[in-house]
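In: coordinates only, no sequence provided:
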């Protein structure tokens with residue numbers, strides 16, 4: 001019964017509180033380890049082979065270490081008191097979910113934008129995306145927000161939940177180690193998983209591993225969204241047409257599913273450090289992207305999240321009763 005309780009509390013904490021500013025967060029520790037290791041690796045590993053090996057070592061240490069350390073911490077807390085163990089589990093699992101963070105990020109950009117404060121909206125957006133924002137028009141800002149919200153819906157919300165649920169059905173492991181291990185993989189990808197220098201070789205392992213770990217939860221998310229939309233065949237057909245040409249095996253599918261349901265189009269030309277990069281067009285431009293469409297995308301993610309919880313928790317309770 002404990003894993004079900006932890007899932008409920010963690011989901012509630014993320015919805016109500018999220019990641020309070022200034023509070024310690026597991027991702028901060030992961031980021032510190034990645035940053036320190038990367039600096040040393042780039043100094044002492046001077047060729048592609050040694051950098052690839054360093055990348056593998058970094059990935060294994062951080063991902064397995066995150067799972068093992070969290071397991072030991074939770075086990076120690078439970079030895080002190082069962083309620084302390086549940087509290088720690090709930091807080092750690094809530095830190096893996098980014099549902100509220102996505103809503104806050106979107107609102108931070110949309111509030112000045114809807115008030116006509118274009119410069120403030122561009123500045124706010126620059127904190128959440130890697131593309132150049134200085135010259136973005138209002139439609140381009142709205143597209144950037146929607147792409148961020150829909151891409152991160154998978155790796156920031158649904159994939160951590162997927163691994164938490166999988167871990168919850170394995171009594172020896174529990175929901176936290178697998179969710180934090182995935183969070184470590186996602187953090188690695190966001191920090192070093194780039195094709196550009198200096199991470200070309202150092203980050204290749206992290207990028208490919210994250211792609212593999214996200215593949216199943218991404219497809220399950222797309223299927224769930226398609227079913228919730230009431231037009232599953234239409235969504236699947238659009239994804240099969242457009243998402244397959246996206247260079248990312250997962251973000252294209254996630255963004256395309258939302259675009260198909262909303263009747264909007266994402267993708268196009270983005271600028272990075274003054275260099276234009278063309279992204280595939282996903283979806284059909286039946287409607288313009290609006291703040292309402294972004295809010296609908298956030299609600300869709302929340303409904304998908306709640307549906308998975310609604311299926312997993314009764315099954316966990318049933319399994320607990322049988323045992």
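Out: Good, I have the coordinates. Just so it is clear, the model here is predicted, and its values are computed rather than measured.
In: please enumerate the helices of the stretch 51-200 of the chain.
Out: 82-94, 99-114, 118-125, 138-153, 159-168, 175-192 (DSSP state H, counting those that start in this stretch).
In: closest one to residue 286 among these?
Out: Proximity to residue 286, assessed across the helices of the stretch 51-200 of the chain by C-beta to C-beta, is greatest for helix 138-153 (14.4 Å). Yep, even glycine has a C-beta here, placed from its N, CA and C like the rest.
In: what's the spacing between that closest one and its chain's center?
Out: Relative to its chain's centre, helix 138-153 lies at 14 Å (C-alpha atoms, centre = their mean, to the nearest Å).
In: list the contacts of it.
Out: Residues from elsewhere that reach helix 138-153 (C-beta atoms under 8 Å, 6 or more residues apart in numbering): 98, 102, 105-106, 109-110, 113, 118, 121-122, 125, 128-129, 131, 133, 136, 221, 251, 254-255, 257-259, 264, 266-268, 270, 288-291, 293-294, 297-298, 300-301, 304.
In: got it, and stretch 108-118?
Out: Stretch 108-118 has contacts (C-beta under 8 Å, 6+ apart) with 120-121, 124-125, 127-128, 138, 141-142, 145, 291, 294.
In: redo that, cut-off 6 Å
Out: If you take C-beta atoms under 6 Å, 6 or more residues apart in numbering as the criterion, stretch 108-118 is touched by 120-121, 124-125, 141, 145, 291.
In: and stretch 177-184, by the same measure?
Out: The contact list for stretch 177-184 (C-beta under 6 Å, 6+ apart) reads 30, 62-63, 66-67, 70-71, 93, 96, 159-160, 163-164, 166-167, 213.
In: which of these lies closest to residue 41?
Out: The closest of these to residue 41 turns out to be residue 62 (C-beta to C-beta; 12.7 Å).
In: what about that closest one, distance to residue 219?
Out: Separation of residue 62 from residue 219 (C-beta to C-beta, to the nearest Å): 25 Å.
In: neighbour count winner among those two?
Out: Neighbours were counted for residue 62 and for residue 219 using other C-beta atoms under 10 Å; residue 62 has more, 21 against 17.
In: now do the contacts for the more buried one.
Out: 33, 184.
In: let's go with 8 Å and repeat that
Out: By C-beta under 8 Å, 6+ apart, the contact set of residue 62 is 30, 33-34, 184, 187-188.
In: go on, residue 168?
Out: By C-beta under 8 Å, 6+ apart, residue 168 lies in contact with 3-4, 6-7, 174-175, 312, 316.
In: over to residue 136?
Out: By C-beta under 8 Å, 6+ apart, the contact list for residue 136 reads 122, 125, 144.
In: try 7 Å
Out: Residue 136 makes contact with 122, 144, according to C-beta atoms under 7 Å, 6 or more residues apart in numbering.
In: how about residue 319?
Out: residue 169.
In: where exactly do the strands run in the stretch 151-300 of the chain?
Out: 266-272, 275-282 (DSSP state E, counting those that start in this stretch).
In: looking at those strands, which is nearest to residue 232?
Out: Proximity to residue 232 (C-beta to C-beta) singles out strand 275-282 among these, at 17.4 Å.
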